[in-house]
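In: just need the structure, nothing else, for what follows:
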Amino acid sequence: MKPEPVSAECDGDMSHLLTDERWCVSHLFALRWPEGFVCPFCGYRPPGQLPVRQVVCRRCGRMSTVTAGTLLHGSKKELNCWFRAIWWLICNAADATTRDLQRELGFAGYQTAWTWMGKLRSALRELVEERISGMVVVGSGELPGGRRDQCLYHFLVAVESVAGGRLSGAVRMASVDSVEAGAVSGFIRDHVLPGSVVVVPDREPFTPPVEMDCYIYIADDANSNALVLREVLEHFYTWYRRRKYQPFSRHRMQGQLDEFCFTRTVLLCRNKAELFDRVLMGVIGHGPQGGEG
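Out: So this is what the prediction gives:
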């Protein structure tokens, strides 16, 4: 049972699908088990298993659910509520806040919306960790801590300025303890595909290390390259201030960086229904997290 992409089932407006709980269960079921349900306990693959939220294995008798082992593990909410939250985030990525999510879903308390936003950020991480390629400009930035936290929080940023002969603008970001050569090298390996042209500032610690010979390095502070990076950073700082975010910790800051990268991905993606499925795959791919769900 291979899943049909959402884009094959709608014309770009998914509102008529997201009110149908049966469709939501069936779609997540098909994404999770494209070749048919497999019991996570005994490995049995029952023939003709219908897409339902709870499945009792015909061999071992143990029950599994379509959300077990995912970010939605243990959630008491119907799937259509989670699906609506994901679609809302995609459609409002540039301005979405936790308070807006609370109002959209009608949550009585802010804490529940905050927990949901954290889980959604985790689902986005796989999407924004896909490596970029082509001509990639790499640099760094920093954010001040709160009133009681006088330290600076550092991050690295990579902008895919040209990919496949076209302007791209895809962004990858990572929080780091400090901007030093080892952190820069690791960041490039994690976020840029080998064979790419990597444009770095002509200064330490960005000087191309010898062990990174699978990339083509250009140490250049030319205006055109600096402008690409500067525009992205200005956009990020404006976005960050508008949300009244503060770093507080590297882990929390990474979730905020991922959220910004996701907003860029949404702006660049023409097929938001396809993007919806990719976020759902992030939901499936990440294990359970604590908190009210």
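In: any weak-confidence spans in the stretch 151-293 of the chain?
Out: Along the stretch 151-293 of the chain, segments meeting pLDDT under 70 span 164-166, 209-210, 287, 289-293.
In: what is the end-to-end distance of stretch 263-275?
Out: 12 Å (Cα to Cα, to the nearest Å).
In: er, stretch 14-30 actually
Out: First-to-last residue span, stretch 14-30, Cα to Cα: 18 Å.
In: buried sites along it?
Out: Using 16 or more other Cβ atoms under 10 Å as the test for burial, stretch 14-30 gives 14, 17, 18, 23, 24, 25, 26, 27, 28, 29, 30. For the C-beta atoms, the positions are set from N, CA and C on the backbone; glycine is no exception.
In: for the fifth one, which non-adjacent residue is spatially closest?
Out: The reference is to residue 24. Distances taken as Cβ to Cβ, 6 or more residues apart in numbering put residue 79 closest to residue 24, at 4.0 Å, once the chain neighbours are dropped.
In: got it, and the first one?
Out: Ranked by Cβ to Cβ, 6+ apart and with sequence neighbours excluded, the top spatial neighbour of residue 14 is residue 87, at 5.4 Å.
In: what's around that neighbour, how many residues?
Out: 21 (other Cβ atoms under 10 Å).
In: that one contacts residue 277, doesn't it?
Out: No. With contact defined as Cβ atoms under 8 Å, residue 87 does not count as touching residue 277 (11.1 Å).
In: from the buried residues of stretch 14-30, which ones fall inside helices?
Out: Cross-referencing those against helices under DSSP state H gives 17, 18, 23, 24, 25, 26, 27, 28, 29, 30.
In: wait, the first one touches residue 23, no?
Out: Yes. The pair formed by residue 17 and residue 23 meets the contact definition of Cβ under 8 Å, at 5.4 Å.
In: of all the buried residues of stretch 14-30, which comes closest to residue 178?
Out: Distances from residue 178 to the buried residues of stretch 14-30, taken as Cβ to Cβ, are shortest for residue 28 (41.1 Å).
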